[in-house]
Structures are given as structure tokens and as C-alpha cells.
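# the amino acid sequence is not available; the structure is as follows:
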């Protein structure tokens, strides 16, 4: 899910959420206009106050005055400006999300193309017990559908379990679960990945060095994700673990099952986020009711939160303090580790909760960012990685899927700006990606090959 | 880029259907179908450029309506440029990337009697096409903006000419030279349309303020 980050109190409890696109909205402060997230208003003011680059209307508001007045005065004349700011910063957020998604996909595609290990068939996960080595097409299709049903039901069960845990405030259990899964991801999968990469490039490494490297990588990762750390480092770690998870999926999911699972999971994401009784929606709403952020470990956030105190002597003296957004509270557990029973996907799919402005005497300036669940990263990368691994048209198909996914993400963010609530990030992108994969592989490839062999250009 | 991709998809769909419906042994027919496919693809690309222009027009209107001072943060010329670059990059990427991937591997160019300059000429051709797409984007959007249909038809005709000239390959002088000449002409035209002039150019080159 993609969400807008709003102000909220720092929470220590990690939340697990499914990834989805969500625009977290804070409960509107009475003086603000309805329908606009309160933080958006506050941010708009803060933006006008402070942003030199983005603000297009510096003459509108006396900046100095605004910072001193406690309660921002909302007028209808400012509504347009809010929308415009939304759109403008929405465009910025699109770019802010393009970069990590692209990076993740690049890592996955580069690994798939170079390391042989991830394209070899070495068994399957227990979640997909039916083999696809059957003689007939119908049997294979049936097996892949059954695999998908099992996988999706596992995910549903995990998500519901997670939501129940969250509802009944079993925060310690969730926290422990998240830590365990990110431990496994950061250490075990990194060890395997590093081993395979070294094997591919025939580089020798001794065990002490390996231990040192992996220990440092894993320990810093755990700290960054679950506690505090520089934003860039945290983002980098989240991208890396999403890529690792996607690689595991690409390796262990059989061909047709992978495509059917991708389709099914986008449908599930759509339902889980938009239906009133959907688990993800309930998770997001509960998080918003409690004014808590959703688990940081499951969500990629693109910005940080600044807090500026106003109209209170102590807070006014504080000045802006930069806090890393997710460092403290949310555990991102989105990694789906197949051997883990946690439904990491569900966790990553949750949108980031918004932080409502709790008092309008204290204007919190927030670098508004968008949050995208890690499960979305993982499934985008799975699609592109599978395209790179199995398409015979090689790079054209991969490129087409990549562009399709990015355009889908763009559209979803546009819808997010329009609807201002949590939205599933998977359906549009995955649909575009699947359509483009199959059509490019079967239709465009022969055309382009024939053109290239005659050296014709269109 | 996305729009170019969709146009490519549709045109290859048409070509694929045509090929499947015809006799694969008939060489001249296959060549004819290929030529038809190429021309149809060019026309479809230009049609999609027009659709993209319509979409951007609507977007600009929305942005202008929302803005305070009545002008949008990005002008139609900038959008034309970006659209052209997007088209060009996508077209170039699709033309070149498999070649580049193969070029990394072992092999000898032209060992079966084909031209040895294959990679080189492909690279030059791709480059000229990318530039041309950028300039065509500017010209096309300008023509649509000011309702000058002859500009639009000129762009379409140029595109058809460039694609058609590639039929001369491997007689590279027949395809590369006209394409580069057309590119120079399109570049000058786009520059003049974007507000440049010989004076501006001289001032820029001589680093005057």
C-alpha cells in the first residue's frame, strides 16, 4: 500500500501490515477543511514557510506571520493551493518511489542474469507442493492453480493472524516475529546470496572475512530497520532485503505458478485493502484510530519527519528536529521468507500509517513522503525478474515489463492523490506488467527479431 | 515511452496476425508483409504521439486551472521535448539492447557474409532515430498547438522516409546519409520553432551574455 506520511506520535510498537498503497490521513483537525489531511494543511503551511524550491506562491502568505500564529486559518481560497501542492508534491513522490523500485528491479535483474543459481530449479517451497513437471498442459495448469490457492490462503491466514494480534495489542509477539524474520533474511539469505555471487565470479573468500562482512551487514541492518538509523541507509537495506526475497521467490516458485500467483495476489491485494472487512484495511484503520504508525519494518518510506513546535515556549525553542521516520517504531517485516511462517507479505503490504496532528497549536512540519509496502517491491521485482529469467526475447521483455510496472505505479500514485486513502499498489502495476510480459514475449519479439535481422528501423 | 511501447505492441500484433495468416514459405510475400508492418508501425507511432499530445493537453489544462497565477509549471514545449525524448529512448532501447547484450558475448561480426559494420551502423542508426524522435516530438506538438497540419504531415512523411530508407540496408549510404541530413533539417526547424535564432546561437557560442 502506498500511504502519505502524516504527523503522528512516535510509536514503539511495530505493526505488521500488508503492503498496499495508502494515503494515510490524519483525523482532521476541526479548524482544517474537511477532506484534506490535516498534516497536508500543516505541511502546506510549512512548505510555504520553508520550502524554497517547491513553493510557487511565496507572495501569498507572510511567512513570518504564519510561523508565529498557532492556528492556521483555513480559507477556501487556499483549498486550490492545497490541491495544487498535493499534485506537485505528488509528482515529487512519484519520483521518490521510482528510484527505489528501479533500484530493486535492477539488483534483481542483474543477479538473475549473472548468477546461475537463481535460475536453476532446485526444488520448491512447501507452500507450492504441486510439481509442474507433468506431461499434459491441463495437469500443469491445474497444479499451478492449486499451488496458487495454497499460497494465497497461507498469506490470508497470516495476514488475518497479524491483524488479530495487532487488534488485541500483542505488540511484543509481533515485534518478536518481525525481528526473527528480518534476522533470517539479513543473515541467512545474505550468506547464500554472497556465496553464490562469489561462486559465479570465482572469487575466493575465507571464512573469517565472510563472517565479519555478514555480521556487520546483518547487525547494521537490524539496527537500521528496527531502531534508528540514517534514512538513506534504512532505505538501502529495505531495498536489499526486498531484492533478496524476490530472488528467493523467483528461484523457488515454478513457472506457471509464479504467474498465476502474481495475478491472484494482486486481486487479493485489491480486495484486502478496499473491502470494508478486508484485513489490511482494518489494520490501517486500527492504526489510524490509535494514532500509531504502521510497522516501519514492513514499509518503505521516502521521507523523514520534522517536528517544529509552535506557540508553545518549550517546543518553539526546540526547533526542527529530524527524526528518521520508521527507525523507531515499525518493524518492517515484509520479507516473505518461505520458510518462515510469518506472512511477511502481509506486513509489507500495509500502508504506512499517517500521523495525525494531535494538537493544532503545535504545527508539525513534515517532509511529506509516500510509503510503499515492501511486499509491493518484492512482487514488482518478482515479475521483472521472472521476465528476465524466462523470456526468450531477453531484454526487450524485461524492459517492457519494467516500463509497464512504473507506469502502473504512476497511475496508482495519481489515484492516491485523488482519493487520499490507502490504495493497493499491486493490481494496476501487476496487470500492466503481466499484459506486457505476455504480449511482448509472444508478439513483439518475433517482430523485433525480424526487423533486427534485416536491420530495419521503425 | 509507455505510449511508444503500446504502439509497438499493437503494430506487432497486426504484423503477427498477418504473418500467421500467410504462407511462411513465400519469401516476397514475407518481405512485403514486413514492409507493410514497418509502415503500419510508423503510422501507429505517430497516431500514438497524437494521442499523447491530447493527454498532455488535458493535463496542462488541469494544472493551469489549479494554479494560482494561471500558468502551468511546465510548458507545452517542455512537454513536447520530454515526449520526444521518451519516444526516442524507448525506440532506441528496443532497437539496441539485444544487440548490446549479444555484443558482450563471443562472436565475429558478419561471418556469414553479412556486413561487418553491423554493430557500428546499428549504433549510428539508433542514435539518429533517437534524435529524430526528439525533434519530431517538438515539431509535432508545435503543429498540433498552432493547428498547422502541414507540420504534422511533414513529421509523418519524414518518419516514413527514414524508416523506408532503412530498407536499403546493408547499403548503408542509402540509409544513414539521408537520415542524418533529415536529422540536421529537423534539428534546425525544431530549434527555430522553439524560439532560437542564428543570433542566439552566435551569442551562445561566443559566450556573450
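Arrived safely, thanks for sending. The structure displayed is predicted, hence computed values, not measured ones.
# tally of neighbours for residue A:119?
For residue A:119, the neighbour count with other CB atoms under 10 Å in any protein chain shown is 16. All C-beta spots, glycine's among them, are computed from the backbone N, C-alpha and C.
# could you report the pLDDT at the residue nearest to it when sequence neighbours are not counted?
Distances taken as CB to CB, 6 or more residues apart in numbering or on different chains put residue A:389 closest to residue A:119, at 5.0 Å, once the chain neighbours are dropped. At residue A:389, the model reports a pLDDT of 87.
# show me the contacts for residue A:389.
Residues near residue A:389 by CB atoms under 8 Å, 6 or more residues apart in numbering or on different chains: A:112, A:118, A:119, A:250.
# need phi/psi at residue A:373.
phi -70, psi 150 (degrees, to the nearest 10).
# quickly list what it is bridged to.
Beta bridges link residue A:373 to residue A:299, judged by DSSP bridges.
# my guess is residue A:225 meets residue A:296, correct?
Yes - using CB atoms under 8 Å, residue A:225 is in contact with residue A:296, at 7.4 Å.
# now the spatially most central residue of chain B: how far from residue A:444?
Centre of chain B computed as the mean C-alpha position; nearest residue by CA atoms, centre = their mean is residue B:133, 3.2 Å away. According to CB to CB, to the nearest Å, residue B:133 and residue A:444 sit 18 Å apart.
# equivalent analysis for residue B:170, please.
Taking CB to CB, one finds residue B:170 at 24 Å from residue A:444.
# tell me which of the two has more neighbours.
Neighbour comparison, residue B:170 and residue A:444: the larger count goes to residue A:444, with 25 against 15 (by other CB under 10 Å).
# please name the nearest non-neighbouring residue to that one.
Distances taken as CB to CB, 6+ apart place residue B:12 nearest to residue A:444, at 4.5 Å, with adjacent residues excluded.
# host element of that neighbour?
helix B:2-21 (DSSP states H and E).
# can you count the residues close to residue 99?
No chain was given, so I picked chain A. By other CB under 10 Å, neighbour count at residue A:99 equals 12.
# um, chain B though
Residue B:99 has 15 nearby residues by other CB under 10 Å.
# now it: which helix or strand?
Using DSSP H and E, the element containing residue B:99 is helix B:76-104.
# and that helix, what's buried?
In terms of neighbour count (16 or more other CB atoms under 10 Å in any protein chain shown), helix B:76-104 has its buried residues at B:76-77, B:79-81, B:83-88, B:90-98.
# and the residues you listed near chain A, which?
Taking CB under 8 Å from any CB of the partner chain as the test, chain A is in contact with B:90, B:91, B:93, B:94, B:95, B:97, B:98 out of the buried residues of helix B:76-104.
# could you pull out the helices in chain B for me?
Counting by DSSP state H, chain B has helices at residues B:2-21, B:27-66, B:76-104, B:118-145, B:149-165, B:172-193, B:198-205.
# is the second one in proximity to chain A?
Read it as helix B:27-66. Yes - applying CB under 8 Å from any CB, one finds helix B:27-66 in contact with chain A at B:34, B:37, B:38, B:41, B:42, B:45, B:63, B:66.
# next one: the fourth one
Yes - with CB under 8 Å from any CB as the measure, helix B:118-145 is seen reaching chain A through B:118, B:121, B:122, B:125, B:126, B:129.
# which of these sit farthest apart?
Farthest pair in the residues of helix B:118-145 next to chain A (CB to CB) is B:118 and B:129. Separation: 16.2 Å.
# lowest-scoring secondary structure element of chain A by mean pLDDT?
Within chain A, no helix or strand scores below strand A:321-323, which has a mean of 33 by mean pLDDT, DSSP states H and E.
# where in the chain is pLDDT low?
With no chain named, the answer covers chain A. Scanning chain A for pLDDT under 70 picks out A:1-91, A:303-368, A:393.
# I was thinking of chain B, sorry if that wasn't clear
Using pLDDT under 70, the flagged stretches of chain B are B:22-26, B:68, B:70, B:72, B:208-209.
# now the angle from the helix holding residue B:99 to helix B:27-66?
Angle, helix B:76-104 to helix B:27-66, by axes from the mean of the first three to the mean of the last three CA atoms, to 10 degrees: 140 degrees.
# show me how far helix B:76-104 is from its chain's centre.
9 Å (CA atoms, centre = their mean, to the nearest Å).
# now do it against helix B:118-145: the angle between them, please.
170 degrees.
# elements contacting helix B:76-104?
Helix B:76-104 sits against helix A:395-419, helix A:445-454, helix B:2-21, helix B:27-66, helix B:118-145, with contacts defined as 3 or more CB pairs under 8 Å, 6 or more residues apart in numbering or on different chains; DSSP states H and E.
# quick one: the helices in the stretch 101-250 of chain A, in order.
Along the stretch 101-250 of chain A, counting by DSSP state H, counting those that start in this stretch, helices occupy A:137-167, A:171-184, A:190-201, A:207-226, A:231-252.
# one step back: now the residue nearest to residue A:119: how far from residue A:151?
19 Å.
# go on, residue A:103?
In this view, residue A:103 and residue A:151 are 27 Å apart by CB to CB.
# higher neighbour count, these two?
Per other CB under 10 Å, whichever of residue A:103 and residue A:151 has more neighbours is residue A:151, with 22 against 18.
# residue in the stretch 201-350 of chain A nearest to chain B?
residue A:201 (15.2 Å; CB to the nearest CB).
# neighbours of that residue, how many?
9.
# just residue A:452 next, same as before
Residues lying near residue A:452 (other CB under 10 Å) number 18.
# for chain B, see how far away it is.
Residue A:452 sits 7 Å away from chain B, going by CB to the nearest CB, to the nearest Å.
# from what I can see that residue touches residue B:96, true?
No - counting by CB under 8 Å, residue A:452 does not reach residue B:96; the two are 9.5 Å apart.
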